[in-house]
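S.K.: Got a predicted model here, sequence first, then my questions.
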Amino acid sequence: MGFALMDSLPDALVQCILGHMVNARDVATCTCVSKRWKDSMPYLKSLYFPRNSFENLNGADSSDNVVFTMISSVVKLEQLVVYCPFSSAGLASWLSYAGPSLRHLELRMDNISEHPVGFEDNSKPSKLDCIAYAKNLESLKLWGVLMTHTPQWDFFQSLRNLEIVGARLEDPALSIALKACPNLTHLLLLGCEGVRSVSIELPHLEQCKLDFYGWGNCSLSLISPKLESLEVQGCSWIRVRETQCLRNLSIANSAGRVYMVDFGKLASLEFLSIRGVQWCWDAISKILQWASEVKHLYMKVEFTGDFEALLPFPEIDFVEFFNSHSKLQKFDIHGAMFAALCQKNSLKNVDSSFMIPCLEEVLITVRSPLNAEQKMSTLESLLKYGKNLKSMVVKILQMKSNHSSVDDFFEDICRFRYMNRKIVRIE
C-alpha cells in the first residue's frame, strides 16, 4: 500500500521525501526497492556512515570503495559524516570527487591509535592533508586527530565552525591549521593533549571552547574582538585583551594552577565561572574586579597560593564585595570563597543603607564546621540584605569531623532553614 502511494506521487516529491534519508544503509536498501527510487538517489544532500557500517562486508570490495561508489552516485553532496574506518587514500578519492560541493564534513579519524608517537608515516598525504580537497566547507568536525605535523591546507575561506575532539597536537601544527581558517565564528578543541603554548588570532570568532588535557600548564593568547563566549580548561596563563563583546566566561584548571589572567574590562560579561584546585590570589582578585557587571557568578576554587603551598583565601569584605557586584543575580559559592566571606571582620562595615539589590538565587556549599558562628551570620546577612532573594540552597558536602561542633552547626542550619522555609532549603 505504501509503495503504491509513493508511486502515485510526482518525481519531484519522491525525490524530496527520499532526500531526507542520510543513513547509508537505508539509502542502499531504497535503491533495491524500484528503479524509480534508485533514480532518486542522486538528489541526496547528506550521507552518514555509522561505525559498524561494514562489519559484515563480504566480497572483494573494500569499505573505501563502497563509500566512493555511493558518494559518486550523488550529484551534489553537501554533508558527509563518516564514523566507520577508512584510509587516507579512500578519503582522498571521496573528497576529490565530492569536495567542491561539500559544506559539512564530520570524520572519525582514529589517527592516534593508528600512528603511535614516533611511528607517523610522512611519506604520503595524511588524512588531514586530504581535507584540503573540500575547499568550500562551512563546518568541519574531526574525532581522534593526530596533528603533530602541519596539515597541507591552503585556506578554508567559507569555514565557520571547526570542532576537534580527542587529539594529539603540536603547537606549530595547531597554529598554522587555525591560520588556514581565518573566518571561523565557532571553535571547539576538546580533550586535546600535547599543547604547551597556543596563540589564536581570529577576527570573526564568537564562540570558543578550549579543553587542553595534561599537566594543566598551557599558556593561551587569544585575540578575537567579536568573542561572546569563552570556555578554557587546562591553562595556567591566559591573555585575552579584546573583551568588549564577551558575555560568558568559564576558566577551569583541574590538573594545575592558574597563575595569571589578563583580560580587558569585562563590561558585557553576564556569566563568570572560575574553577580549580588552586588559583593565585592575584588572578582571582583581578578577574573579580574586571567582572563587576556580572549577573551569574560561579566560584569553585579550593585554595590560593603562588607556589606549592595550598593557602586559604584571604578575608573578603562582605559589603565591599556586593557593592562591587551590584548586578549579581545568581551566586554559586563553594568552600573557600564562602569561608572568606565569613571571617570575623567581614561584616563590620554594614550600615543601615546597605542592600544587595539584584540577588535572587544563592547556592552555598559548606564543607567545614569551622567558624560556625560567622558562617551563620553570613547566611543571615544574605537573607537580610538580599531584598529580592527568592532561593537559598545550602549544600552540606563531605563534612568530616567527629567533633560535636558538626552536629551543632547542622542543627543551626536546620533551625535557620525552618525559620525561613519559603526561601531556604538544605541539600
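M.R.: Yep, it's here.

S.K.: And Asn323, how close does it get to Arg247?
M.R.: Plainly put, Asn323 is 23 Å away from Arg247 if you go by Cβ to Cβ, to the nearest Å. Where you see a C-beta, it was placed from the backbone N, CA and C, and this is true even at glycine.

S.K.: That should have said Ala340, apologies.
M.R.: 27 Å.

S.K.: where does Leu18 land on pLDDT?
M.R.: Looking at Leu18, its pLDDT is 63.

S.K.: Provide the contact partners of the top strand by length along the chain at residue level.
M.R.: Across the chain, the longest stretch assigned as strand under DSSP state E is strand 248-258. If you take Cβ atoms under 8 Å, 6 or more residues apart in numbering as the criterion, strand 248-258 is touched by 214-217, 228-236, 238, 261, 266, 269-280, 283, 287, 291.

S.K.: Can you give the strand pairings for that strand, parallel or anti for each?
M.R.: Its sheet considered, strand 248-258 pairs with strand 229-233 (parallel), strand 271-279 (parallel) by DSSP bridges.

S.K.: Of Ala340 and Arg247, give the one with the bigger neighbour count.
M.R.: Taking other Cβ atoms under 10 Å, Ala340 and Arg247 do not tie; Ala340 has more neighbours (21 against 16).

S.K.: need the contact list for that one.
M.R.: Contact partners of Ala340, counting by Cβ under 8 Å, 6+ apart, are Pro312, Phe313, Pro314, Glu315, Ile316, Ser346.

S.K.: Can you pull the poorly scored residue ranges out of the chain?
M.R.: Applying pLDDT under 70 to the chain flags the ranges 1-9, 11-21, 28-40, 57-61, 112-123, 349, 399-404.

S.K.: For it, just list every one of the helices.
M.R.: When assigned using DSSP state H, the helices of the chain occupy the ranges 2-7, 11-18, 24-30, 35-40, 63-72, 88-98, 111-114, 127-130, 171-179, 281-290, 318-324, 336-341, 372-385, 404-419.

S.K.: and the fifth one, C-alpha only, in CSV?
M.R.: Same thing as helix 63-72. Extracted in CSV, the C-alpha atoms of helix 63-72 (Å, rounded to 0.1, in the frame of the first residue of the first chain):
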residue,chain,number,x,y,z
SER,A,63,34.8,-0.2,2.6
ASP,A,64,36.7,2.7,0.9
ASN,A,65,35.3,1.5,-2.5
VAL,A,66,31.8,1.1,-1.2
VAL,A,67,31.7,4.6,0.2
PHE,A,68,33.2,6.0,-3.0
THR,A,69,30.5,4.2,-5.1
MET,A,70,27.7,5.8,-3.0
ILE,A,71,29.3,9.2,-3.0
SER,A,72,29.9,9.2,-6.7
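
S.K.: quick one, that helix and helix 88-98 angle?
M.R.: 10 degrees (axes from the mean of the first three to the mean of the last three Cα atoms, to 10 degrees).

S.K.: What residues of helix 63-72 count as buried?
M.R.: Across helix 63-72, burial judged by 16 or more other Cβ atoms under 10 Å covers Ser63, Asp64, Val66, Val67, Phe68, Met70, Ile71.

S.K.: From the chain's centroid, how far away is it?
M.R.: Centroid separation for helix 63-72 versus its chain: 34 Å, with Cα atoms, centre = their mean, to the nearest Å.

S.K.: Contacts for that helix, please.
M.R.: With Cβ under 8 Å, 6+ apart as the test, helix 63-72 has contacts from 24, 27-28, 47, 49, 53-54, 57, 61, 77, 80, 82, 84-87, 89-90, 93-94, 97-98.

S.K.: 7 Å instead, please
M.R.: Outside of helix 63-72, the residues within contact range by Cβ atoms under 7 Å, 6 or more residues apart in numbering are 24, 27, 47, 49, 54, 57, 77, 82, 84-87, 89-90, 93-94, 97-98.

S.K.: Tell me where the stretch 101-250 of the chain has strands.
M.R.: With DSSP state E, counting those that start in this stretch as the criterion, the stretch 101-250 of the chain has strands at 104-108, 139-147, 161-169, 186-193, 197-201, 207-213, 218-223, 229-233, 235-240, 248-258.

S.K.: Could you save the contacts of Ala340 as JSON lines and add columns showing distance to Asn253?
M.R.: Formatted as JSON lines, the contacts of Ala340 follow (distance: Cβ to Cβ, whole Å):
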{"residue": "Pro312", "distance to Asn253": "18"}
{"residue": "Phe313", "distance to Asn253": "17"}
{"residue": "Pro314", "distance to Asn253": "20"}
{"residue": "Glu315", "distance to Asn253": "24"}
{"residue": "Ile316", "distance to Asn253": "21"}
{"residue": "Ser346", "distance to Asn253": "27"}
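
S.K.: From these, keep the buried residues only.
M.R.: Neighbour-count burial (16+ other Cβ under 10 Å) applied to the contacts of Ala340 gives Phe313, Ile316, Ser346.

S.K.: which residues sit in contact with the second one?
M.R.: Right, the one you point to is Ile316. For Ile316, the contacting residues are Ala340, Leu341, Ser346, by Cβ under 7 Å, 6+ apart.

S.K.: what's the distance between it and Leu347?
M.R.: Taken as Cβ to Cβ, the span from Ile316 to Leu347 is 11 Å.

S.K.: wait, Ala92 sits on Asp129?
M.R.: No: contact criterion Cβ atoms under 7 Å: Ala92 and Asp129 do not qualify, at 8.3 Å.

S.K.: ok, those two, which is more surrounded?
M.R.: Neighbour totals were compared for Ala92 and Asp129, and Ala92 leads with 20 against 17 (other Cβ under 10 Å).

S.K.: For that one, give its distance to Asp351.
M.R.: Using Cβ to Cβ, Ala92 is found at 73 Å from Asp351.

S.K.: Next: Arg239.
M.R.: 39 Å.

S.K.: Specify which residue of those two has the higher count of neighbours.
M.R.: Neighbours per residue, other Cβ under 10 Å: of Arg239 and Asp351, the larger number sits with Arg239, 15 against 6.

S.K.: ok, how many other residues are close to the closest residue to the more buried one other than its chain neighbours?
M.R.: Nearest residue to Arg239, sequence neighbours excluded (Cβ to Cβ, 6 or more residues apart in numbering): Asp262, at 4.2 Å. Neighbours of Asp262 under the rule other Cβ under 10 Å: 14.

S.K.: Same check on Ala309?
M.R.: Per other Cβ under 10 Å, the neighbour tally for Ala309 reads 9.

S.K.: And it, its phi and psi?
M.R.: When read as degrees, to the nearest 10, the backbone of Ala309 gives phi -70, psi 130.

S.K.: buried residues in stretch 127-147?
M.R.: 127-135, 137-147.

S.K.: so what's Trp94 up against?
M.R.: Contacts of Trp94 by Cβ under 7 Å, 6+ apart are Val67, Phe68, Ile71.
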